[in-house]
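*Asks:* based on what follows, work out the 3D shape:
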Amino acid sequence: MTTKSKNRPHGVTVLSIFFLAGSVICLVAIAGLLLHNSFLEPMWRLNPHARGGFALMGHWAIALLFTVGVSCAAAAVGLWRGRRWGHRVAFVLIAINLIGDFVNVVLGIEPRAIIGVPVALTILLYLGSGRVRLFFK
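*Replies:* Okay, here's the model as predicted:
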């Protein structure tokens, strides 16, 4: 175990696992879009609007999910290894998520996205905290 991993803040470990989970979820969503009427079909009951939105996007939905999944995987690895680029990727992904949630709420597209606004803000404040920034220097 390296000194860097010993000093890793617990929140960074949690965020790394969070981004890894996001990457896996993107992979499952891609499989769900590609394998129509498969055993994955019930997952769309969790968010039927997503299924409809992805259907409207066509093949671009798979490209988008792939890009998000790879970005989440990169953030997970970078955070886990204590790399500055991982911290930046994580920060940008959460900031984009915050903007998306805010726009969805303001435009009335997805009012439940309001829950994500304080969560994303809290994560951004954590990633911007002195202790976390010091860890990634």
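
*Asks:* can you show me the helices along this structure?
*Replies:* Ranges of helices within the chain are 3-6, 10-34, 48-57, 59-81, 84-106, 116-127, 130-135, based on DSSP state H.

*Asks:* looking at the ones you listed, which is closest to Leu40?
*Replies:* Ranking the helices of the chain by their distance to Leu40 (criterion: C-beta to C-beta) puts helix 10-34 first, at 4.1 Å. (Each C-beta comes from the backbone N, C-alpha and C, glycine too.)

*Asks:* on that earlier part again, any chance of the helices of the chain in CSV, with distance to Pro42 and mean pLDDT too?
*Replies:* Listed next are the helices of the chain as CSV, based on distance: least, C-beta to C-beta, whole Å; pLDDT from 0 to 100:
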stretch, distance to Pro42, mean pLDDT
helix 3-6, 39, 60
helix 10-34, 9, 95
helix 48-57, 11, 87
helix 59-81, 18, 97
helix 84-106, 24, 96
helix 116-127, 24, 97
helix 130-135, 38, 94
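
*Asks:* want to throw these into CSV with distance to Leu40 and mean neighbour count?
*Replies:* Shown next, in CSV, are the helices of the chain (distance: least, C-beta to C-beta, whole Å; neighbours: other C-beta atoms under 10 Å):
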stretch, distance to Leu40, mean neighbour count
helix 3-6, 35, 10
helix 10-34, 4, 17
helix 48-57, 11, 13
helix 59-81, 13, 17
helix 84-106, 24, 17
helix 116-127, 24, 16
helix 130-135, 36, 13
